[in-house]
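S.K.: Next input, structure requested:
(one chain, ligands or ions: 2)
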Amino acid sequence: MEFIPVVDFDGYKLGIGDVTDQNLQKLCKELRKAFTEVGFVYLKNTGIDQREVDRVMDISKKFFLLSEDEKKPFSRGSFVNNLNHGWVSLERESLNPRNPGDLKEAFNTASLSPDIKWPSDGVNGFRDIQVGFFRRCKELSLRVIRVLALSLGLDSDVFLKAHRLIGSDKNGTTLRSLYYPPVKAESVKEGQLRCGEHSDYGSITLVFQSHEAGLQVLNCKGEFFSAPSIPGTVLINIADLMQRWTGDVFVSAVHRVLLPSVGDSNTRQSMAFFVQPDDDAIVSCCDGSNKYPPVKALDYLLARFSESYGK
Ligand SMILES: O=C(O)CCC(=O)C(=O)O
Ligand SMILES: [Fe+2]
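M.R.: Residues are numbered from 1 along each chain as shown. Ligands and ions are numbered 1, 2, ... in the order given. Okay, the predicted model is just below:
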């Protein structure tokens, strides 16, 4: 049976000032092993608790259950200061560009700018809950990114200094709430999934899932295995720019979300916090190998978006 390790982050959890040397060494060792071998890890005792996660899931679900007409004014692409912010309708995006559109809806909190208009009718507190959770995820991500650099024997700020602008419109980091509505087997298209096979684009991703199954991760032998929800933990994976940055030392694993089995009318939810380097950051191999040419983070992100939106 395949195994995504569970690592205890208690020694560096949110709220703790700094981590002791001993705890740091242990975390470096465990995260390095997980991210070089599997690309995914469950972190427990992060300081983000299940109640916080449930609150974001609940308000997100209220939004997704609004009518099309109520959601349309908040569509992705309609916010001039951030083109990734907002609502993505069912089948609009294919994370595997060779497949039909994914059977999911999403809401991207990509801009915290005061100019953004937020849904409020029927979803009281939507903005504050999404933004509050974005900030919590940001704090945890920065801690993880620091450990990642140290785990490779690099200066602690090698990655951090390219993540100074998270939460501004000069950094593409996004909290995405995902909603997978019940699936009618007879209307599913050939090859369609809840979320097509893909790897994530940026540095790392934090994932929070409702209890319904579906998420699968590809291992190095080319087989998919399940990555179930473990309440109270945060599932964290390496994304493509981080793999490239580390000259393929850390693995950005392919993953997907399967359809429910026929007759299962479940609704699934998840949240993904996609950590992205600052737009102007240049990502070049940290071991000096030049295995990949340097790339500007924003150019890389835009190229990936245009694939998944079929442009
Ligand atoms: O819904 C999930 O569990 C994961 C979704 C995902 O991998 C993504 O949106 O990139
Ligand atoms: Fe993903």
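
S.K.: measure stretch 178-195 end to end?
M.R.: Length of stretch 178-195, first residue to last, Cα to Cα, to the nearest Å: 10 Å.

S.K.: neighbouring contacts of that stretch?
M.R.: By Cβ atoms under 8 Å, 6 or more residues apart in numbering, the surrounding residues in contact with stretch 178-195 are 60-61, 64, 90, 95-96, 98-106, 212, 214, 256-260, 262-263, 265-272. All C-beta spots, glycine's among them, are computed from the backbone N, C-alpha and C.

S.K.: what pLDDT does residue 18 get?
M.R.: Listed pLDDT for residue 18 reads 89.

S.K.: so it, which of the three states?
M.R.: Judged by DSSP: H, G, I helix; E, B strand; the rest coil, the three-state class of residue 18 is coil.

S.K.: Would you mind listing where the stretch 151-300 of the chain has pLDDT under the threshold?
M.R.: Within the stretch 151-300 of the chain, no stretch falls below the threshold (pLDDT under 70).

S.K.: In it, what residue lies closest to ligand 1?
M.R.: residue 270 (3.4 Å; Cβ to the nearest ligand atom).

S.K.: ok, which residues in this structure are in contact with ligand 1?
M.R.: Residues of the chain lying near ligand 1 by Cβ under 6 Å from any ligand atom: 178, 195, 200, 207, 209, 215, 255, 257, 270, 272.

S.K.: Could you rerun that using 8 Å?
M.R.: 95, 104, 106, 176, 178, 180, 194-195, 198, 200, 205, 207, 209, 214-215, 227, 235, 255-257, 268-270, 272, 274 (Cβ under 8 Å from any ligand atom).

S.K.: Among these, which are located in strands?
M.R.: Counted as lying in strands by DSSP state E, out of the residues of the chain next to ligand 1, are 106, 176, 178, 180, 195, 198, 205, 207, 209, 215, 235, 255-257, 268-270, 272, 274.

S.K.: ok, so what distance separates residue 50 from ligand 1?
M.R.: As judged by Cβ to the nearest ligand atom, to the nearest Å, residue 50 and ligand 1 stand 16 Å apart.

S.K.: Which positions in the stretch of helix or strand residue 129 belongs to come out as buried?
M.R.: Assigned by DSSP states H and E, residue 129 belongs to helix 126-151. By 16 or more other Cβ atoms under 10 Å, the buried positions in helix 126-151 come out as 126-127, 129-131, 133-134, 136-138, 140-151.

S.K.: tell me what it is packed against?
M.R.: Judged by 3 or more Cβ pairs under 8 Å, 6 or more residues apart in numbering; DSSP states H and E, helix 126-151 is in contact with helix 21-37, helix 50-64, strand 105-109, strand 174-180, strand 204-209, strand 268-274.

S.K.: Tell me if I'm right that residue 164 and residue 277 touch.
M.R.: No: Residue 164 lies out of contact with residue 277 (Cβ atoms under 8 Å); the separation is 9.5 Å.

S.K.: Which one's more surrounded, those two?
M.R.: Comparing residue 164 with residue 277 by neighbour count (other Cβ atoms under 10 Å), the higher total belongs to residue 277, at 29 against 14.

S.K.: Tell me who's in contact with the more buried one.
M.R.: Neighbouring residues of residue 277 by Cβ under 8 Å, 6+ apart: 159, 162-163, 171, 202-203, 241, 283, 297.

S.K.: what's the neighbour count on the residue of the stretch 151-300 of the chain closest to ligand 1?
M.R.: Residues near residue 270, counting by other Cβ under 10 Å: 25.

S.K.: tell me which residues form a beta bridge with it?
M.R.: residue 178, residue 209 (DSSP bridges).

S.K.: I figured it hits residue 209, correct?
M.R.: Yes: at 4.5 Å, residue 270 counts as touching residue 209 under the criterion of Cβ under 8 Å.

S.K.: if I look at these two, which residues touch both of them?
M.R.: Common contacts of residue 270 and residue 209 (Cβ under 8 Å, 6+ apart): residue 215.

S.K.: top of the contacts of residue 277 by neighbour count?
M.R.: The most crowded member of the contacts of residue 277, judged by other Cβ under 10 Å, is residue 203 (30 neighbours).

S.K.: Torsion angles phi and psi at that residue?
M.R.: With angles defined as degrees, to the nearest 10, residue 203 sits at phi -90, psi -70.

S.K.: Looking at the contacts of residue 277, which is nearest residue 119?
M.R.: Residue 119 has its nearest neighbour among the contacts of residue 277 in residue 171, at 23.2 Å by Cβ to Cβ.

S.K.: give me phi/psi at that closest one?
M.R.: phi -150, psi 130.

S.K.: Contact partners for it?
M.R.: Applying Cβ under 8 Å, 6+ apart, the residues near residue 171 are 163-165, 276-279.

S.K.: For the residue lying closest to residue 130 once chain neighbours are set aside, the count of nearby residues, please.
M.R.: In space, residue 130 comes closest to residue 109 once its chain neighbours are excluded; the distance is 4.4 Å by Cβ to Cβ, 6 or more residues apart in numbering. When counting by other Cβ under 10 Å, one arrives at 29 neighbours for residue 109.
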